[in-house]
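Chemist: sequence first, then the predicted structure, then my questions.
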Amino acid sequence: MKLSLIAAGMLAAVSGTALAASNVTLYGVLDAGVTVSKQHGGSTLVNMSNGNWLGNRWGIKGEEELGGGNNVFFKLEQGFELSSGKEASEGKAFNREAALGLNGSWGTFAMGRFGGLSSDSGSYSILGGAPYTTSFSTIGNMYSAFYLTDRYDNSVVYQTPEFSGVQGHLMYSNGRAGDTNKWSYNSHYYGLGLTYNKGPLSVDAIYEVLDYDGEANKGKATQLINLGASYDFGAFNSTAHMNMQCMLLSRTE
């Protein structure tokens, strides 16, 4: 059992400051507090906490028109600990997202590092009805009850235009943590998603495959199926969420 009391907190969002001449925006979030916690039979601990509601981050993004309704864009976003200034992921300058892409009437294409379709993080996640709402940490974290994807290196994504509320999403990682090995020995990610957003109803369906290729794990793969829906009741100013997940473990000998 763990009792946690937020004795003091601070949340500040740095609103985007647009540099109009170059269409570049600098933005960020600062979130910290003090946590007092005690386990049964243990000592009381007082800690400075980071990212209680939103992860600390800073970022820069921009977009430039190419003509004909086409645009080139980029986004670089870094996570860090406010209490120490330490980077959120050691060795990664822009761990949260690093993307360069094009968009137009034909859809959106981007490459770099960003979250998978069911990651609930980044610009290209389409997960509806996340199973958690804050990053407050507890023993026996609810996150461990769900298998959601993460941010992956060496990724490309394509989003179709929207047709009557329906949109397709395709994503591939050539190596989730590196692609310097022979292609068949890299660990890949494959994602296929479909979303519907019209009026108060939003629905998403996601199929993903994570393989674990390599000399020791040849043929092993995890398949994920996520279905989500939300409905805005308007008068109650609330949204109901549903999230169902099926995880299939497969191995080809």
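Modeler: Arrived safely.

Chemist: strands along the stretch 101-250 of the chain, start to end?
Modeler: Here the stretch 101-250 of the chain has its strands, by DSSP state E, counting those that start in this stretch, at 107-115, 151-159, 166-173, 189-198, 201-211, 220-232, 239-251.

Chemist: so how far is Leu127 from the spatially most central residue of the chain?
Modeler: Closest residue to the average C-alpha location of the chain: Ser121 at 1.5 Å, with CA atoms, centre = their mean. Separation of Ser121 from Leu127 (CB to CB, to the nearest Å) stands at 9 Å. C-beta here means a position set from N, CA and C on the backbone, and glycine is covered the same way.

Chemist: Lys92 now?
Modeler: Distance, Lys92 to Leu127, by CB to CB: 22 Å.

Chemist: can you give me the end-to-end span of stretch 80-89?
Modeler: Length of stretch 80-89, first residue to last, CA to CA, to the nearest Å: 8 Å.

Chemist: please identify the buried residues of it?
Modeler: The neighbour-count check on stretch 80-89 (16 or more other CB atoms under 10 Å) flags 80-82, 88 as buried.

Chemist: again with stretch 27-42
Modeler: In stretch 27-42, counting by 16+ other CB under 10 Å, buried: 27-33, 35, 37.

Chemist: from the chain's centre, how far out does that stretch sit?
Modeler: 22 Å (CA atoms, centre = their mean, to the nearest Å).

Chemist: is it true that Phe94 touches Phe80?
Modeler: No: the pair Phe94 / Phe80 is not scored as a contact, 11.0 Å apart, by CB atoms under 8 Å.

Chemist: which strand residues bridge the closest residue to Gly62 other than its chain neighbours?
Modeler: Leaving aside its chain neighbours, Gly62 sits nearest to Val24 (3.9 Å; criterion: CB to CB, 6 or more residues apart in numbering). Applying DSSP bridges to Val24 yields these beta-bridge partners: Leu19, Gly62.

Chemist: so that it lines up with my notes, have the first residue be 19 from now on.
Modeler: Happy to do that; since the first residue is 19 now, the last one works out to Val42.

Chemist: number of residues surrounding Val42?
Modeler: By other CB atoms under 10 Å, the residues close to Val42 number 16.

Chemist: circling back to that earlier point, now, which of the buried residues of stretch 45-60 lie within strands?
Modeler: 45-51, 53, 55 (DSSP state E).

Chemist: could you check the pLDDT of the nearest residue to Asn113 once chain neighbours are set aside?
Modeler: Using CB to CB, 6+ apart and skipping residues adjacent in sequence, the residue nearest Asn113 is Ser107, 3.7 Å away. Listed pLDDT for Ser107 reads 85.

Chemist: again, but for Ser67
Modeler: pLDDT at Ser67 comes out at 82.

Chemist: by contact count, what packs against the host helix or strand of it?
Modeler: Using DSSP states H and E, Ser67 falls within strand 62-68. Secondary-structure packing of strand 62-68 (3 or more CB pairs under 8 Å, 6 or more residues apart in numbering; DSSP states H and E): strand 42-57.

Chemist: could you look up the SS state of the residue of the chain positioned farthest from its centre?
Modeler: Centroid-distance maximum for the chain: Gly59 at 37.0 Å, with CA atoms, centre = their mean. At Gly59, secondary structure determined by DSSP: H, G, I helix; E, B strand; the rest coil is coil.

Chemist: re the thing from before, surely the residue nearest to the centre of the chain and Arg114 touch.
Modeler: Yes: if you go by CB under 8 Å, Ser139 and Arg114 touch, sitting 7.4 Å apart.

Chemist: overlap of the contact sets of those two?
Modeler: Here Ser139 and Arg114 have Arg169 as joint contacts, going by CB atoms under 8 Å, 6 or more residues apart in numbering.
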